[in-house]
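Visitor: Just a sequence and a predicted model for now, questions to come.
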Amino acid sequence: MVSITSTQSLTNALRRSVLDVQTQLSKAQSEVSTGRIADLGLGLGAAIQQDYSYGFHADDLAALAASNNIVTARLSATDTALGSLASTAQEFLQTLISAQSGAGSDPGAIRGYAETGLKSLISALDTSVDGVHLFGGVNTGVAPLADYFSNPPSAAKQAVDQAFFSTFGTAQGDSGNTSITDQQMQTFLSGSFADLFSATGWGSDWSSATDETTTNRISLSQTSDTSVSANEAALRQLAQAYTMVADLGAESLSDSAYQQILKTASATMSDAISGLTTLRAKVGVMQNGVSDANEALSAQRDMIATQIGSLENVDPFEASTRLNNLTTQLETSYTLTGKIQQLTLSKYI
Amino acid sequence: MSLTNAGAIANQSLGTIAAQINVVSRNIAGVNVSGYATKTALVSTSSNGAAQIDGVARATNAALFQNSLQASATQAAAAALSSGFDQIDQALGLSSGSATDTSTNRSPAALLSALKSALQSYSASPSDTTVAQTVLSSAKAVAQALNTADATVQQLRAQADGEIASSVANINSILTQFQQVNSEIVAGTQTGRDVTSALDQRDALLKSLSSEIGVTTVTRANNDMVIYADGGATLFETSPRAVTFQATSSYTASTTGNAVYVDGVPVTGASASMAIQSGKLQGLTQLRDVVAPQYQNQLDETARGLIAAFAETDQSGLGTAAPGLFTYAGATSVPGASVVPGLAGQIIVNPNADPSQGGDLDRLRDGGISDPTNSAYSYNTTGAAGFTDRINQLVASFTTSQSFDPSAGLGSSASLMDYTTSSLGWFEAQRQQATETESYQSTLLSQTTDALSNATGVNLDEQMSKMLDLENSYQASAKLIAAIDAMYTALFQAL
């Protein structure tokens, strides 16, 4: 028996195939133009979870890289500030040493140097980047040190004045201060004066910085300290050395007491300089950590991009071949539809 | 043999041919009617040697017809499910955008990831209110996405419910028509009338019935048909059985839709003893009662996980944890690890952190969002501008494992980020499967329809050539009558 084909299925088959090919064509078109699977949800199914996980991971890495850039900028500003402090300190130490050797330097001039040094120390520690005070610990909203020589006098200056007065009974620069012996001066310098620069004294009179420094997540698994506090010992020592020369009334002291100050200041200064070196090394380690993390981040991002690509991308050659085939198929369908419409017995009778 | 007999035969043949032409023209009229079966006039020789019409036969293929009913039921179920998935996907923008540019994706997972990135930037600049504002607006976007998702899912359920109601109404109206056609067939068969057109009509009704609900049929004596739903419930036997359904107009996460009853027996839902297997009705109830609620559970768990991840603990170690940045109306505590129905619709960003609602942005950094008057929930008591511990803690909480309710179908323990991404994966896997089933069933349906159409449908050319044959026969018969008439004339003239 010859099976017949119903006229309806003959025409419907072509109509359906045209519709089907058109749908596929629009998909193929979008795949050729974007190089990606047309509908990710339908194309990947459950694998979209993997795909988007990679995407979110990449976003996370990008956010880390951006925050690391900010951290890097801050650390490099910190390093510059510390570097300039170190060179000023080094010069001041030279001056102190030559003054001790009695090279005829004027106590007034040295006091001037010290004042400048102290001012530059304060301004370096008050450095801010985008409103963030780098040396503030976590208290980054406030400049950690106030101007020592301000009017009315700063808390730090008042504390020094008070310590001096309670030890010697006179104010700095008083003409009676020539009677202060080097022994008394030494006791003062290592006693109540040094207390002003201990962690406690510094915290109450000088600095509003916190010991706790800012921490940042610098890679997916690493959290690192990313700042230096103005409360570091080396920085306190710097302030101590500058202050003792600048504000104990060097000109009105006896020569021996003055020499005692110079001696103590040089010792404190050289401690401070070596401390600064350690501190700069610490900043270097932080910078290194961040840059290592950044390298790892960029390697991870590359790897993730590859993974995403292998999930989402279509072979452009395959897609455009498919597009061509579909176009041909659609054209054939059109031609056939036309031909079959012509093919009817009723035309011939 | 007489001329009279020959004339009678020729006369009768004209009538027979006219009847055959009638059948052919019916066929030609039905050439583009879906479900029309080719009719054939049954011709036999009568006692006087003439041709006579015994009746009209109809091309049938019972097996193919049953297959096509089944295919259309299964396809309708798959289509209902797949369009539901597509609707959610498009409304929520779940799979828009590529993983290399997740910014165009509006899924809860993508927005959560954006919030995490915003927090990471915030941790680098904790004193920057612009960045804090970004964190806040990202958090709001997450809460809103969950609110929208909740509303969309419930709206979809309400919509499915409405479609179930109209499907049920349709089934009842088809069954009423079916009764009419069926009794006509039974009566016609008993009296030997031509019932082929009624049979076509009945098949067409069955076809539209099967796309609403899967059916099986049994034909009894006199062409009487009995219809059962594919779960076994009787839909039609001599008279239609009532299919009833009470629609629910609005849905929340805790609403359970009503079951569909056939003849008083539930055929959908958990209590169904004769559950239907296919048809649009089954697809819709599947969507309304299984798929959408499960996705809702996952959304609720995401919301709960979010509240838990951002919860603030009492720093003095005395009190319990309290909802922080993410909370819900009337929140008193952080909900435990089990689904809270509708939480995704209620989650909000705590006004205490939102300056536009009288809150303070700095609480994002310092804590104390849960209760600004209770300093025990503050992480940064000095208010230091560079405090990053809490922010870092929040960033870490995205990837810290926490407990989830396994009834949502995504396991009992995962990180918040993984959980939301898994939910996205679950959804797209279901969507892909539904679409593939739908596309497979569509192909199957069109093939079955083609096969059925080839077995029973009309071929126009065949009918045309038959028509030509009939035309010739008609001419011949007419010629014959004319010849016999001429013969009689000759005879009478010769007399």
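Guide: Everything's here; your move. Numbering: from 1, shown residues only, chains lettered A, B, ... in the order given.

Visitor: Show me the shaky parts of chain B.
Guide: Filtered on pLDDT under 70, chain B yields the residue ranges B:1.

Visitor: Do a quick rundown of the helices in it.
Guide: Counting by DSSP state H, chain B has these helices, from start to end: B:3-29, B:62-92, B:108-124, B:129-191, B:196-212, B:280-286, B:292-309, B:343-346, B:363-366, B:389-397, B:416-456, B:460-494.

Visitor: Turn these into TSV, columns for mean neighbour count and distance to chain A.
Guide: C-betas here are computed from N, CA, C, even on glycine. Compiled in TSV, those are given as follows (neighbours: other C-beta atoms under 10 Å in any protein chain shown; distance: least, C-beta to the nearest C-beta, whole Å):
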stretch	mean neighbour count	distance to chain A
helix B:3-29	17	9
helix B:62-92	21	6
helix B:108-124	26	3
helix B:129-191	19	10
helix B:196-212	21	14
helix B:280-286	27	18
helix B:292-309	25	12
helix B:343-346	24	19
helix B:363-366	26	10
helix B:389-397	20	6
helix B:416-456	21	3
helix B:460-494	14	4
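
Visitor: I'd say A:Leu326 and A:Gln24 touch.
Guide: Yes - with contacts counted by C-beta atoms under 8 Å, A:Leu326 reaches A:Gln24, the gap being 5.6 Å.

Visitor: Quick check: the residue of the stretch 151-300 of chain A nearest chain B.
Guide: Nearest residue of the stretch 151-300 of chain A to chain B: A:Thr214, at 4.6 Å (C-beta to the nearest C-beta).

Visitor: if I pick the one residue sitting closest to the centre of chain B, what's in contact with it?
Guide: Taking C-alpha atoms, centre = their mean as the criterion, B:Ala80 is the residue nearest the geometric centre of chain B, at 0.8 Å. Contact partners of B:Ala80, counting by C-beta atoms under 8 Å, 6 or more residues apart in numbering or on different chains, are B:160, B:163, B:280, B:283-284, B:286-287.

Visitor: Name the nearest residue to it, sequence neighbours excluded.
Guide: Excluding its sequence neighbours, the residue lying closest to B:Ala80 (C-beta to C-beta, 6 or more residues apart in numbering or on different chains) is B:Gly283, at 3.0 Å.

Visitor: How about the contacts made by the one you found?
Guide: With contacts taken as C-beta under 8 Å, 6+ apart, B:Gly283 has the following neighbours: B:76-81.

Visitor: Ok, B:Glu428 next?
Guide: The neighbours of B:Glu428, taking C-beta under 8 Å, 6+ apart as the test, are A:40-42, A:44-46, A:48-49, B:89, B:94-95.

Visitor: what ranges of chain A fall below the confidence cut-off?
Guide: Applying pLDDT under 70 to the predicted model, the residue ranges of chain A that meet it are A:1-3, A:103-105.

Visitor: Give me the most central residue, it.
Guide: Using C-alpha atoms, centre = their mean, the residue of chain A that lies closest to the mean C-alpha position is A:Val71, 0.3 Å off.

Visitor: so it touches B:Ser125, yeah?
Guide: No - between A:Val71 and B:Ser125 there is no contact, the gap being 10.0 Å when judged by C-beta under 8 Å.

Visitor: Now do the helices in the stretch 1-150 of chain A.
Guide: Residue ranges of the helices in the stretch 1-150 of chain A, as given by DSSP state H, counting those that start in this stretch, are A:7-34, A:40-44, A:47-100, A:107-125.

Visitor: surely B:Phe65 meets B:Asp203?
Guide: Yes - with the criterion set as C-beta under 8 Å, B:Phe65 and B:Asp203 qualify as a contacting pair; they are 6.7 Å apart.

Visitor: what about the residue of the stretch 151-300 of chain A closest to chain B, distance to A:Asn294?
Guide: Remark: distance between A:Thr214 and A:Asn294 (C-beta to C-beta, to the nearest Å) = 18 Å.

Visitor: Mind checking which of those two has more residues around it?
Guide: Ranked by neighbour count (other C-beta atoms under 10 Å in any protein chain shown), A:Thr214 and A:Asn294 place A:Thr214 first, with 30 against 19.

Visitor: any idea how far B:Glu312 is from B:Pro266?
Guide: When C-beta to C-beta is the yardstick, B:Glu312 and B:Pro266 sit 48 Å from each other.

Visitor: What of A:Gln307?
Guide: Counting by C-beta to C-beta, the gap from A:Gln307 to B:Pro266 is 49 Å.

Visitor: same thing with A:Gln100?
Guide: Distance of A:Gln100 to B:Pro266, given as C-beta to C-beta: 104 Å.

Visitor: more neighbours, the two?
Guide: When A:Gln100 and B:Pro266 are compared for neighbours, B:Pro266 comes out ahead with 18 against 15, by other C-beta under 10 Å.

Visitor: Remind me what the helix ranked longest in chain A packs against, helices and strands.
Guide: Longest helix of chain A, by residue count under DSSP H: helix A:255-312. Applying 3 or more C-beta pairs under 8 Å, 6 or more residues apart in numbering or on different chains; DSSP states H and E, we find helix A:255-312 packed against helix A:40-44, helix A:47-100, helix A:107-125, helix A:182-188, strand A:223-225, helix A:233-246.

Visitor: what sits against the closest residue to the residue nearest to the centre of chain A other than its chain neighbours?
Guide: If you skip the residues right next to it in sequence, A:Val71 has A:Thr226 as its closest partner in space, 4.8 Å away by C-beta to C-beta, 6+ apart. By C-beta under 8 Å, 6+ apart, the contact list for A:Thr226 reads A:71, A:74-75, A:213-216, A:218, A:286, A:290.

Visitor: Nearest to A:Gly201, out of the helices and strands packed on helix A:255-312?
Guide: A:Gly201 lies closest to helix A:233-246 among the helices and strands packed on helix A:255-312, at 8.9 Å (C-beta to C-beta).

Visitor: Please identify the buried residues of that closest one?
Guide: Buried residues in helix A:233-246, counting neighbours by 16 or more other C-beta atoms under 10 Å in any protein chain shown, are found at A:233-246.

Visitor: Redo these as JSON lines? Include distance to chain B.
Guide: Rendered in JSON lines, the data for the buried residues of helix A:233-246 read as follows (distance: C-beta to the nearest C-beta, whole Å):
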{"residue": "A:Ala233", "distance to chain B": "21"}
{"residue": "A:Ala234", "distance to chain B": "21"}
{"residue": "A:Leu235", "distance to chain B": "17"}
{"residue": "A:Arg236", "distance to chain B": "20"}
{"residue": "A:Gln237", "distance to chain B": "24"}
{"residue": "A:Leu238", "distance to chain B": "22"}
{"residue": "A:Ala239", "distance to chain B": "22"}
{"residue": "A:Gln240", "distance to chain B": "26"}
{"residue": "A:Ala241", "distance to chain B": "28"}
{"residue": "A:Tyr242", "distance to chain B": "26"}
{"residue": "A:Thr243", "distance to chain B": "27"}
{"residue": "A:Met244", "distance to chain B": "31"}
{"residue": "A:Val245", "distance to chain B": "33"}
{"residue": "A:Ala246", "distance to chain B": "30"}
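
Visitor: out of those, who's nearest A:Asn151?
Guide: A:Ala246 (16.0 Å).

Visitor: list the contacts for that closest one?
Guide: Counting by C-beta under 8 Å, 6+ apart, the residues that A:Ala246 touches are A:111, A:114-115, A:117-118.

Visitor: Apply 10 Å and report the result again.
Guide: For A:Ala246, the contact set (C-beta atoms under 10 Å, 6 or more residues apart in numbering or on different chains) comprises A:110-119, A:148-149, A:160, A:265.
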